[in-house]
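Q: Structure for this input, please:
(one chain, ligands or ions: 1)
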Amino acid sequence: MHIEITDLRRRFGRVTALDGVDLTVSNGMFGLLGTNGAGKTTLMRILAGVLPATSGRAVVGDHDLSTRAGRVAVQRRLGYLPQDVGLYPDLTPTEFLDYIGLLKGLDDRAARCRQIGELLELVGLSAEAGRKLKGFSGGMRRRVGIAQALLGDPTLLIVDEPTVGLDPEERIRFRTLLSSLAGNRTVLLSTHIVEDVAQTCRQTAVLAGGRVLFTGAVTDLTARADGVTWEIITPGPPPTEGVVVSAIARADGTHYRVVSPRPPAPDAVLVSPSLEEGYVALMRSATPTPVG
Ligand SMILES: Nc1ncnc2c1ncn2[C@@H]1O[C@H](COP(=O)(O)OP(=O)(O)OP(=O)(O)O)[C@@H](O)[C@H]1O
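A: The predicted structure is shown next:
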């Protein structure tokens, strides 16, 4: 589902959460990155139709979210996993999904039960279908959350910071699940975990202070750190120049990777950047230093 956002603004009293956002999102998985308070959740909530914009336009498919008819039409095609999905602790996943299915208007009981069974299978919770939600781990709760978002087979899936607090294995499992869902849908993933975007998305945008700092291919964001990403191997302390992105202690000394417009040490060598380094370069507005 194509999303076209034009000059979108949202204020909360004196706080400007979105300050003229222009963005185009098409089919597949799209990563929305940004620091805390950048405006990601506000944008997600507007697109999910649960929060009105102060001004500007957001069109999802052919539907304008500024009209009630548009919001209703989008909500019929939408699955939304907010940061804190409210689960009822005394229900089992089957009972919870049955309840949400009814709220979503899935009135045919047999079809609803079939879909719930399929979704529990998809998210790897079939064996837990009869257990109460109160005993579920963070990752299992997140998987119930994605199952509820998928009820009704939405063409647009909006997921807000879904991997926060998950252990590495569960995080990888969850983002693989999200990627597998993006085949015939638009999946909009908001996160501040750059690695999740690197592993799943081809397109991304970076928000900061309610504005779009970057939008385009993940490879183009990575390329922002071309010519400014250095490696230094030293037994000594970290360099003071630039931003140290990683420090790995090895037998020959600590391997520091640094984003810096200038060589952070005389023996620093230029290396190919990762997406995280591209993100850091964008945030620091590092500009390449001519080499040689
Ligand atoms: N309901 C609200 N009332 C007042 N201010 C709000 C409200 N919702 C968001 N804000 C403010 O708007 C700005 C953007 O918040 P938002 O939650 O959209 O950012 P975010 O990028 O999702 O941050 P995080 O990564 O921390 O979740 C922040 O300054 C926040 O305090």
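
Q: tell me the SS of Leu51?
A: Put simply, Leu51 is coil when judged by DSSP: H, G, I helix; E, B strand; the rest coil.

Q: heads up, I number from 17, so please use that
A: Got it, first residue is 17 now, which makes that one Leu67.

Q: tally of neighbours for the nearest residue to it once chain neighbours are set aside?
A: Once flanking residues are discounted, Leu67 sits nearest to Arg61: 3.9 Å by C-beta to C-beta, 6 or more residues apart in numbering. C-beta: built from backbone N, CA, C; applies to glycine. Arg61: 19 surrounding residues under other C-beta atoms under 10 Å.

Q: Point me to the helix or strand that includes Arg61.
A: Taking DSSP states H and E as the criterion, Arg61 maps to helix 56-63.

Q: Tell me which other helices or strands that helix touches.
A: strand 19-28, strand 31-41, strand 44-50, strand 71-76, strand 172-176, strand 202-207 (3 or more C-beta pairs under 8 Å, 6 or more residues apart in numbering; DSSP states H and E).

Q: which residues touch Lys148?
A: By C-beta atoms under 8 Å, 6 or more residues apart in numbering, Lys148 lies in contact with Pro105, Asp106, Leu107, Thr108.

Q: Show me which of those are buried.
A: Applying 16 or more other C-beta atoms under 10 Å to the contacts of Lys148, the neighbour count classes Leu107, Thr108 as buried.

Q: For this structure, what lies in contact range of the ligand?
A: Counting by C-beta under 6 Å from any ligand atom, the residues of the chain lying close to the ligand are Phe28, Val31, Ala33, Gly50, Asn52, Gly53, Ala54, Gly55, Lys56, Thr57, Thr58, His208.

Q: for these, which one is nearest Ala233?
A: Closest approach between the residues of the chain next to the ligand and Ala233, by C-beta to C-beta: Gly50, at 17.5 Å.

Q: So the closest one sits against Thr57, correct?
A: No. Shown here, Gly50 and Thr57 do not form a contact pair, counting by C-beta atoms under 8 Å, at 9.8 Å.

Q: which one of these two has more residues nearby?
A: Gly50 (24 against 18).

Q: Spatially nearest residue to that one (excluding sequence neighbours)?
A: Closest to Gly50 by C-beta to C-beta, 6+ apart is Leu223, at 3.7 Å.

Q: how does this structure divide into domains?
A: Following automatic domain parsing, the chain resolves into domains at 19-233, 242-300.

Q: hang on, the earlier thing: any idea of the angle the helix holding Arg61 forms with strand 44-50?
A: Helix 56-63 runs at 140 degrees relative to strand 44-50, counting by axes from the mean of the first three to the mean of the last three C-alpha atoms, to 10 degrees.

Q: residues of helix 56-63 that come out buried?
A: Lys56, Thr57, Thr58, Leu59, Met60, Arg61, Ile62, Leu63.

Q: next one: stretch 27-35
A: Quick answer for stretch 27-35 (16+ other C-beta under 10 Å): Thr32, Ala33, Leu34, Asp35.

Q: what separates the residue nearest to Leu67 from Asp212, distance-wise?
A: 20 Å (C-beta to C-beta, to the nearest Å).

Q: now Thr32
A: Distance from Thr32 to Asp212, by C-beta to C-beta: 27 Å.

Q: Ser196 too?
A: Taken as C-beta to C-beta, the span from Ser196 to Asp212 is 14 Å.

Q: Name the residue in these two with the higher neighbour count.
A: Set Ser196 next to Asp212 and count neighbours by other C-beta under 10 Å: Asp212 wins out with 22 against 12.
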